[in-house]
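Colleague: next come a sequence and a model predicted from it.
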Amino acid sequence: MTKNWTIRSLIFAFLGAYTTIIGTGLYFAPDFLAKKLVMSETERRASLWQIRVLGLLAEDQHSPSHQFDFQHLDEHSKEAMQHFVLASDAFRLRLFKGDGDFFWSSHSDVKPISDQTFFKQQLKHGIIVQQMSYPRIAQIEGFDTEHMGEVYSDQDIRTVLKTYVPVMAGTQVTGIVETCRDVTQQIGIYKTRLTIAGLLIASALSLTIITALVLSYQYRRRTSILAKAQREKEQAIMRKDLRRNREVRLLSQLSEWMQASKSMEELFEIASSILQKLLPDAAGSIYIYSNSRDVLEGMASWNGAQHQAEMLPDECWGLRRGRVYIHGLDEIDFACSHDHDSHDAVYVCLPIVAHGDTIGLMHLDLGALGQDEHTTDKAVKLAQTCAEQLSLAIANVRLRDELRSQSIRDPLTGLYNRRHFFETCRNRIATARRKEQNFAIASFDVDHFKLFNDNHGHDAGDMVLRAVGECLLNNFDGNDLSFRIGGEEFTILLYDCDQDQAFERIEALRQTIEDIVLHYDGNALPNITMSAGIAMFPTDGQMPQDLMKAADQALYRAKAAGRNQVLLVNNPQELTLDLDWQKSEASETDKDSNPGTIQDLQDALIKATA
């Protein structure tokens, strides 16, 4: 802005100076130049008159025409000279000798010019002298007031030009010819012509300057517009590059963070956070197929969008058509029935495809972005890239979860396996030590499990194990975890509890398992019972192996005491033997081809509790 005002001030100053110069020149220059032109023309005519006068004198006196050596003129010469004056535009002619004395005049006699400064300094050296004066007509001797048909007043002021032309003989001045002309009209004519010419030149120059200024202004304006357009283009390119770099950076971060996520919940939390920055003007939601693939579950939303808990695949035209569906831009389109009440909304449904399988849906409400087709295309392409990254991340997390589940879970019961038990137990011990807490380990197995396999087959045994596993999954979740150690052996970790609470929980489990009713091949299976032992941290052990051994010892005592019961490690005195029950148990043992006596059972019990 300051630069523009500076340029404008300079232009106005130039125009002011230019106008002043032109006005001053048009006022003074024509008069000055007209006088110079008249003086030049008069000087040329005076030279011609000198030659003519000298010729007349030579004809009359028979003397050389370059000097005045005669004494006087006769009447015939005077009459010839008078006619010469009348024929010329000079109204007076005078002749002087070389020394400045008066010789002859067309009117009255005059004084010599020998004492004049111009004679001494210029005429004696052969220089023509011109003198311009402005007398009134009454003061001009020999002026004809009716000259050339014009009538003048005695008070009119005229411009009179006297011209002294020296007659040279070598380097000597032999005579001087003086002519007097009325140049008023001639100067006026020249002045008018010069003024007109000056006006034309000034107009042409002004027009040229104005044209130059206009062209300069247009050039500067065009240059400014082009420069501004170029700057805007460069800024747009820069903004586009910055936006592209930001998008690439965010996409890279999206991929990196999603690849590092450990669960689906964490993955969708990361995705919604980064997609909110990648697509700030679009509200979006993500739906993923459930394991049954009959519905899609809402997993995440951003920028104010609200996703449904569930939606059917048939509710989305994008899923039904198997490709990206943009609603609100084509002349013919139909609204999806999920999340949309307005048929005028511009939104995009992008199926999320991983390894050729559709695993979910990304829904984007474009809002203001949908007003411009170019902007919509850019947003859709960016969303497709995000969907591709998301699909790969979901597939990787699912594969990782599946592999981890296979490595830490028992495929038959769905419980955690022995490997995960020891890893979890070590972590639980470290947490309990840090927080000074207690926790319990319960070890149990199914009583007489071999009879299920021998009498009903291994499929029946697997059914029993699955039923026990389902019961454990239903009763122990969150911080309390259940494990299948191997065969019919199971272990439970009870978090932050004392031995009474642990005993109550496991006793309740025993009763629940005892109430299970199973049928196999049309027949009811025998009731399922369990024997369990409970060890407490830190009183019964400081390491997973020690706790497991202590719980197993309590389990062995429970089996020796007659099975279908729960015992603690640190109070075996709670066991009281019932001989009648032992007899029936011994009889059952004989049926299992494992003969023994009551005394043998007592010896085994004493040995187990030693």
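Modeller: Received, thanks. Numbering: from 1, shown residues only.

Colleague: what number of residues lie near the residue lying closest to residue 512 once chain neighbours are set aside?
Modeller: Counting by CB to CB, 6 or more residues apart in numbering, residue 471 is the residue found nearest to residue 512 once chain neighbours are left out, at 5.8 Å. Yep, even glycine has a C-beta here, placed from its N, CA and C like the rest. For residue 471, the count of nearby residues is 19 (other CB atoms under 10 Å).

Colleague: part of a helix, is residue 471?
Modeller: Yes: Residue 471 forms part of a helix when assessed by DSSP: H, G, I helix; E, B strand; the rest coil.

Colleague: from residue 358, how far out is residue 120?
Modeller: 124 Å (CB to CB, to the nearest Å).

Colleague: more neighbours: the two, which one.
Modeller: Neighbours per residue (other CB under 10 Å) separate residue 120 from residue 358, with residue 358 holding more: 17 against 13.

Colleague: related to what we said a few turns ago, hmm, the residue nearest to residue 512 is touching residue 516, no?
Modeller: Yes: using CB atoms under 8 Å, residue 471 is in contact with residue 516, at 6.8 Å.

Colleague: name the helices or strands packed onto the strand or helix carrying residue 199?
Modeller: Here residue 199, judged by DSSP states H and E, is contained in helix 184-260. Contact partners of helix 184-260 among helices and strands, from 3 or more CB pairs under 8 Å, 6 or more residues apart in numbering; DSSP states H and E: helix 2-61, helix 264-278, helix 373-408.

Colleague: by how many degrees do that helix and helix 373-408 diverge?
Modeller: If you take axes from the mean of the first three to the mean of the last three CA atoms, to 10 degrees, helix 184-260 sits at 20 degrees to helix 373-408.

Colleague: okay, angle between helix 184-260 and helix 2-61 too, please.
Modeller: 160 degrees.

Colleague: centroid-nearest residue for this structure?
Modeller: Central residue check for the chain by CA atoms, centre = their mean: the C-alpha nearest the mean position is that of residue 239, 2.4 Å away.

Colleague: which residues sit in contact with it?
Modeller: For residue 239, the contact set (CB atoms under 8 Å, 6 or more residues apart in numbering) is empty.

Colleague: check contacts around the residue nearest to residue 512.
Modeller: The neighbours of residue 471, taking CB under 8 Å, 6+ apart as the test, are 509, 512, 513, 516.

Colleague: just the pLDDT for the nearest residue to residue 190 once chain neighbours are set aside.
Modeller: Once flanking residues are discounted, residue 190 sits nearest to residue 34: 3.5 Å by CB to CB, 6+ apart. What the model reports for residue 34 is a pLDDT of 89.

Colleague: quick one: residue 34 from residue 162, how far?
Modeller: Distance of residue 34 to residue 162, computed by CB to CB: 18 Å.

Colleague: with neighbour numbers in mind, choose between those two.
Modeller: residue 34 (22 against 18).

Colleague: contacting residues for the more buried one?
Modeller: So residue 34 contacts 187, 188, 189, 190, 191, 194 (CB under 8 Å, 6+ apart).

Colleague: export those as TSV, with columns for neighbour count, distance to residue 287 and pLDDT.
Modeller: Shown next, in TSV, are those (neighbours: other CB atoms under 10 Å; distance: CB to CB, whole Å; pLDDT from 0 to 100):
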residue	neighbour count	distance to residue 287	pLDDT
187	22	104	89
188	13	103	89
189	14	102	91
190	20	101	89
191	20	99	90
194	20	95	89
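
Colleague: which of these sits closest to residue 544?
Modeller: residue 194 (122.8 Å; CB to CB).

Colleague: I'd say the closest one and residue 36 touch.
Modeller: No: in this structure residue 194 lies outside contact range of residue 36 using CB under 8 Å: 10.1 Å.

Colleague: low-confidence ranges, the stretch 1-150 of the chain, go.
Modeller: Residues of the stretch 1-150 of the chain that meet the criterion pLDDT under 70 lie in 1-3, 56-74, 77, 109, 142-150.

Colleague: coming back round to it: pull out the buried members of the contacts of residue 471.
Modeller: 509, 513 (16 or more other CB atoms under 10 Å).

Colleague: where are the low-confidence patches of the stretch 251-400 of the chain?
Modeller: For the stretch 251-400 of the chain, the stretches with pLDDT under 70 are 339-344, 368-372.

Colleague: 90 - rerun?
Modeller: 251-285, 290-294, 298-311, 313-315, 317-348, 352-359, 363-400 (pLDDT under 90).

Colleague: the residue nearest to the centre of the chain and residue 332: what is the separation?
Modeller: On the measure of CB to CB, residue 239 and residue 332 end up 35 Å apart.

Colleague: which helix or which strand is home to residue 479?
Modeller: Going by DSSP H and E, residue 479 is not in any helix or strand.

Colleague: quick one: contacts for the residue nearest to it when sequence neighbours are not counted?
Modeller: Distance criterion CB to CB, 6+ apart; nearest residue to residue 479, sequence neighbours excluded, is residue 495 at 3.8 Å. Residues near residue 495 by CB under 8 Å, 6+ apart: 428, 439, 479, 480.

Colleague: 7 Å - rerun?
Modeller: Counting by CB atoms under 7 Å, 6 or more residues apart in numbering, residue 495 makes contact with 439, 479, 480.

Colleague: got it, and residue 302?
Modeller: By CB under 7 Å, 6+ apart, residue 302 lies in contact with 272, 275, 276, 283, 284.

Colleague: likewise for residue 214?
Modeller: Contacts of residue 214 (CB under 7 Å, 6+ apart): none.

Colleague: with residue 358 instead?
Modeller: Residue 358 touches 319, 351, 352, counting by CB under 7 Å, 6+ apart.

Colleague: strands - which of these land there?
Modeller: Counting by DSSP state E, the contacts of residue 358 place 351, 352 in strands.

Colleague: turn the contacts of residue 358 into JSON lines, including distance to residue 290 and neighbour count.
Modeller: Converted to JSON lines, those look like this (distance: CB to CB, whole Å; neighbours: other CB atoms under 10 Å):
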{"residue": "319", "distance to residue 290": "14", "neighbour count": "24"}
{"residue": "351", "distance to residue 290": "16", "neighbour count": "21"}
{"residue": "352", "distance to residue 290": "14", "neighbour count": "24"}
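
Colleague: could you look up the SS state of residue 539?
Modeller: coil.

Colleague: show me what contacts it?
Modeller: residue 570.

Colleague: how near is it to residue 439?
Modeller: Counting by CB to CB - residue 539 and residue 439 are separated by 11 Å.

Colleague: next up, the contacts around the residue lying closest to residue 555 once chain neighbours are set aside.
Modeller: Spatial nearest neighbour of residue 555, chain neighbours left out: residue 533 (3.6 Å); criterion: CB to CB, 6+ apart. Contacts for residue 533 (CB under 7 Å, 6+ apart) come out as 443, 551, 552, 553, 554, 555, 557, 558, 567, 569.
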